[in-house]
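A.B. asks: Structure for the following, please:
(chains A, B, C and D)
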Number of protein chains: 2
Amino acid sequence: MATILDVAREAGVGVGTVSRVLNNSPQVSPRTRERVEEAIARLGYSPNPLARSLSTGRTDAITILVPYFTTPSVVERLRGIVSVLDDADRAIVLRNVESIEQLDRAVADLTGPVLPTGLVVISLPVDGLATVDLPVVAVDTTVDGCVSIDIDDEAAGRSGAEYLLAAGHRRIAFVGDAEDHPLGFRSSAQRRRGYERALEAAGVAIRPGFVKQGSPDRATAHRLTAELLDSSEQPTAIFAASDTQALGVIEAARARGLDVPGDLSVLGFDDVEVAAYVGLTTVHQPLFESGRLGAERLLTAVGGGVGESVTLPTSIVERTTVAPPEAGRA
Amino acid sequence: MATILDVAREAGVGVGTVSRVLNNSPQVSPRTRERVEEAIARLGYSPNPLARSLSTGRTDAITILVPYFTTPSVVERLRGIVSVLDDADRAIVLRNVESIEQLDRAVADLTGPVLPTGLVVISLPVDGLATVDLPVVAVDTTVDGCVSIDIDDEAAGRSGAEYLLAAGHRRIAFVGDAEDHPLGFRSSAQRRRGYERALEAAGVAIRPGFVKQGSPDRATAHRLTAELLDSSEQPTAIFAASDTQALGVIEAARARGLDVPGDLSVLGFDDVEVAAYVGLTTVHQPLFESGRLGAERLLTAVGGGVGESVTLPTSIVERTTVAPPEAGRA
DNA sequence: GCTCTCGGTGGAATCGGTTCCAAAGCCGGA
DNA sequence: TCCGGCTTTGGAACCGATTCCACCGAGAGC
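C.D. replies: Numbers count the residues shown, from 1 in each chain, chains lettered A, B, ... in the order given. So this is what the prediction gives:
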């Protein structure tokens, strides 16, 4: 394995000069540069990234801070990120975080001796990241002082509820995430707020017990829905904070022998891949796109440019799980 | 940031001794070791992984070679791997490979100057890995000279076809992957072979055109199924090489107004999460488990132990997409 | 009492880069 | 011709660990 010294000897120059060529410093005459490049080619030399990192204190990797990276919506975002980072030939270090300890460790490493070139944070409302001297972009969240790619969750929540209202529903329940998650996720809470605003604005009362919260998996949503259907005042529509939860809702309804959307309308959120397959009506947000844009922004930031924050549009995609409430029950 | 030299001074010893303590070499007297450990604690010192790697030539990361890492079945396996690697506090470098160029690059890096501690290969039938001096475990594939966690795809394919046969089907088609993928995936081909063996053994002819192949996504499976349903001899059952493809099959059938399983039975493969949700009858393989076992095997290999290869069992999970063929058509 | 071992230790050399500093080469201007 | 300043260059110092080698001292053997 050739080293920089071998190249220097081969080209008949000093190591400093080779290094300058490598990092294309302008301080090298064209003739010398050419000679060095020939030597590099002849030797098939490529610099040792470890040695380089030891000197500069940073690696060429991009780290991604991501909660529960196997969640369908997160996977979609990752696909977007990876699609651009792969092309840029950047190493990717995935830090999966599912607890505050993991988050703390990950953040601590960002002030440690071995730094990545850039950082993308997904969904995690981390603070204290302004102090780390690193290009950072936030996807599906905001981090102060950083470029972010986000949506307006509250507006999207409102639009979802309005859609249900427009279909004629008045007894609309909400199944979302518990709002005390130690990692501090905000999306579900904001969507809930949007939902409440929409009902208020329409003058329909939010019945007690119509907002159900728990962990964001299908089974929990199933259980919460069962509780909802057990209550004296059954909802005619349920707005779920995610598609995964919407699937749980539908499952619970079917288990009760209820027809969706005949007896119960269900509206999801995210528009992940299986939503299309199962015909779920849902609030679409550009998941893949958010990742793609985030990665692009990061790359320009790494290159010294400045990207702009974006708030991406959402829309309702109508499929087959929402219908007007039955005449007798509305 | 404290360095090893600071620790050495603080403890009143040489750097060599500190290093020995760090790598708990037996060549250190208990008294000295204690003194050094106190100094380390006092200074809050932790070794710089880059410097360490530069010396030793290997990093403490585990790299995972994975094709199309956002595929549902792959994600399940990754979850299994990550569940054990996270606990072991190991950095994970994910190398997504979707082309031979990417594969070549990834493999080339394995003979480069910066080596991971271990490697897990998912689904990729890579060769020439015996030469890289590294603990390697293969998941969902075999790599010669390496521990592997795999299933018997041919047997599983056979059992799937036998299940359909037992339900009374005779016109059974197969929708699988194209078998000329540059990355050389073998699972689909082996499952097809199993399917063919089962039909032969049962004395039922494999009709021409009943084996359809294309890229492993839902849309392609949809299209291939449409072709199948257009043919003069319609199948009464379709065996898909993956659940994703099975969903495409079902979609195509429904688009034709066919009832599943009334008019067409569909059998999937993998048993990914959505299979349960949509009620897909499928050949189950332990995806999460395969990842978990693979990672465990790797860790013991890294620790100098030797793990055993396993071939995991598969089973048929009966849900709602397979039924006996209609009397009139069977 | 004198060697011979051998466990324990210090420290220099090394890994392969980057970067800073000094110096060489070259130019034009006086 | 000499000098100042600018570009270009070589090479030492440094990043922070590991590892090898030399050495020290204490206990064993005679």
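
A.B. asks: tell me the helices in chain A, going along the chain?
C.D. replies: A:4-11, A:15-22, A:30-43, A:49-56, A:72-87, A:100-109, A:153-166, A:187-202, A:218-230, A:243-255, A:273-278, A:287-302 (DSSP state H).

A.B. asks: Mean pLDDT, distance to residue B:34 and mean neighbour count for those helices - can I get that in JSON lines?
C.D. replies: (Each C-beta comes from the backbone N, C-alpha and C, glycine too.) As requested, the helices of chain A are exported to JSON lines (pLDDT from 0 to 100; distance: least, CB to CB, whole Å; neighbours: other CB atoms under 10 Å in any protein chain shown):
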{"stretch": "helix A:4-11", "mean pLDDT": "95", "distance to residue B:34": "41", "mean neighbour count": "18"}
{"stretch": "helix A:15-22", "mean pLDDT": "95", "distance to residue B:34": "43", "mean neighbour count": "19"}
{"stretch": "helix A:30-43", "mean pLDDT": "95", "distance to residue B:34": "49", "mean neighbour count": "15"}
{"stretch": "helix A:49-56", "mean pLDDT": "93", "distance to residue B:34": "30", "mean neighbour count": "18"}
{"stretch": "helix A:72-87", "mean pLDDT": "93", "distance to residue B:34": "46", "mean neighbour count": "22"}
{"stretch": "helix A:100-109", "mean pLDDT": "90", "distance to residue B:34": "27", "mean neighbour count": "15"}
{"stretch": "helix A:153-166", "mean pLDDT": "98", "distance to residue B:34": "54", "mean neighbour count": "22"}
{"stretch": "helix A:187-202", "mean pLDDT": "97", "distance to residue B:34": "50", "mean neighbour count": "20"}
{"stretch": "helix A:218-230", "mean pLDDT": "96", "distance to residue B:34": "50", "mean neighbour count": "19"}
{"stretch": "helix A:243-255", "mean pLDDT": "96", "distance to residue B:34": "52", "mean neighbour count": "24"}
{"stretch": "helix A:273-278", "mean pLDDT": "90", "distance to residue B:34": "57", "mean neighbour count": "19"}
{"stretch": "helix A:287-302", "mean pLDDT": "96", "distance to residue B:34": "45", "mean neighbour count": "22"}
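
A.B. asks: Determine which of the ones you listed approaches residue A:136 most closely.
C.D. replies: helix A:287-302 (7.9 Å; CB to CB).

A.B. asks: how far does that closest one sit from the chain's center?
C.D. replies: Counting by CA atoms, centre = their mean, to the nearest Å, helix A:287-302 is centred 11 Å from the centre of its parent chain.

A.B. asks: Just the residues contacting it, thanks.
C.D. replies: A:62, A:73, A:76-85, A:88, A:117-120, A:135-140, A:147, A:149-151, A:270-272, A:306-308, A:310, A:312 (CB atoms under 8 Å, 6 or more residues apart in numbering or on different chains).

A.B. asks: and it with helix A:72-87, angle?
C.D. replies: With axes from the mean of the first three to the mean of the last three CA atoms, to 10 degrees defining the directions, helix A:287-302 sits at 40 degrees from helix A:72-87.

A.B. asks: In chain A, which residue is most central in space?
C.D. replies: residue A:122 (4.1 Å; CA atoms, centre = their mean).

A.B. asks: Just the endpoints, please. Distance across stretch A:313-324?
C.D. replies: Stretch A:313-324 stretches 26 Å from its first residue to its last (CA to CA, to the nearest Å).

A.B. asks: How about it and chain B, touching?
C.D. replies: No: judged by CB under 8 Å from any CB of the partner chain, stretch A:313-324 makes no contact with chain B; its nearest approach is 11.6 Å.

A.B. asks: Give me the residues contacting that stretch.
C.D. replies: Contacts with stretch A:313-324, where a contact means CB under 8 Å, 6+ apart, come from A:151-152, A:155-156, A:159-160, A:163-164, A:167-169, A:237, A:246, A:250, A:260-262, A:265-268, A:271, A:275-276, A:279-286, A:330.

A.B. asks: what is the mean pLDDT for it?
C.D. replies: Across stretch A:313-324, the average pLDDT comes to 97.

A.B. asks: for stretch A:116-129, same thing?
C.D. replies: 91.

A.B. asks: Convert it to CSV, retaining C-alpha atoms only.
C.D. replies: Only the C-alpha atoms of stretch A:116-129 are listed here, as CSV (Å, rounded to 0.1, in the frame of the first residue of the first chain):
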residue,chain,number,x,y,z
PRO,A,116,-18.2,13.7,10.9
THR,A,117,-18.3,16.2,8.0
GLY,A,118,-22.0,16.8,8.5
LEU,A,119,-25.0,15.8,10.4
VAL,A,120,-28.6,15.2,9.6
VAL,A,121,-31.1,14.8,12.4
ILE,A,122,-34.4,13.2,11.7
SER,A,123,-37.5,13.8,13.8
LEU,A,124,-35.5,14.4,17.0
PRO,A,125,-36.0,17.8,18.6
VAL,A,126,-32.4,18.0,19.9
ASP,A,127,-31.2,21.2,21.4
GLY,A,128,-27.6,22.3,22.2
LEU,A,129,-26.6,21.4,18.7
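
A.B. asks: got the buried residues for it?
C.D. replies: A:116-126, A:129 (16 or more other CB atoms under 10 Å in any protein chain shown).

A.B. asks: Of the residues you listed, which is the nearest to chain B?
C.D. replies: residue A:116 (11.5 Å; CB to the nearest CB).

A.B. asks: Which residue is the nearest non-sequential neighbour of the closest one?
C.D. replies: Counting by CB to CB, 6 or more residues apart in numbering or on different chains, the nearest residue to residue A:116 once its immediate chain neighbours are dropped is residue A:63, at 4.4 Å.

A.B. asks: Now tabulate the helices of chain A in CSV and tack on distance to residue B:223.
C.D. replies: Output for these, formatted as CSV (distance: least, CB to CB, whole Å):
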stretch, distance to residue B:223
helix A:4-11, 53
helix A:15-22, 50
helix A:30-43, 47
helix A:49-56, 44
helix A:72-87, 22
helix A:100-109, 43
helix A:153-166, 33
helix A:187-202, 36
helix A:218-230, 30
helix A:243-255, 25
helix A:273-278, 15
helix A:287-302, 22
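
A.B. asks: Relative to residue A:209, which of the ones you listed is closest?
C.D. replies: Closest among the helices of chain A, once you apply CB to CB, is helix A:218-230, at 7.8 Å.

A.B. asks: any idea of the angle the closest one forms with helix A:243-255?
C.D. replies: Between helix A:218-230 and helix A:243-255, the angle comes out at 50 degrees (the same axes, to 10 degrees).

A.B. asks: Contact residues of the stretch 1-150 of chain A facing DNA strand D?
C.D. replies: In this structure, the stretch 1-150 of chain A approaches DNA strand D at residues A:12-17, A:20, A:26-29, A:31-33, A:51, A:54-55, A:113, judged by CB under 7 Å from any atom of the strand.

A.B. asks: Those: which ones sit near DNA strand C?
C.D. replies: Among these, the ones lying near DNA strand C by CB under 7 Å from any atom of the strand are A:15-16, A:20, A:51, A:54-55.

A.B. asks: thinking again about what came up before, show me what contacts the residue nearest to residue A:116?
C.D. replies: Residues in contact with residue A:63 (CB under 8 Å, 6+ apart) are A:92-95, A:116, A:118-120.

A.B. asks: any idea how far residue B:153 is from the closest residue to DNA strand D within the stretch 1-150 of chain A?
C.D. replies: The nearest approach of the stretch 1-150 of chain A to DNA strand D comes at residue A:16, 2.3 Å away (CB to the nearest atom of the strand). The gap separating residue A:16 from residue B:153 is 57 Å, by CB to CB, to the nearest Å.

A.B. asks: near DNA strand C, which residues of the stretch 51-200 of chain A show up?
C.D. replies: Applying CB under 7 Å from any atom of the strand, we find that the stretch 51-200 of chain A lies next to DNA strand C at A:51-52, A:54-56.
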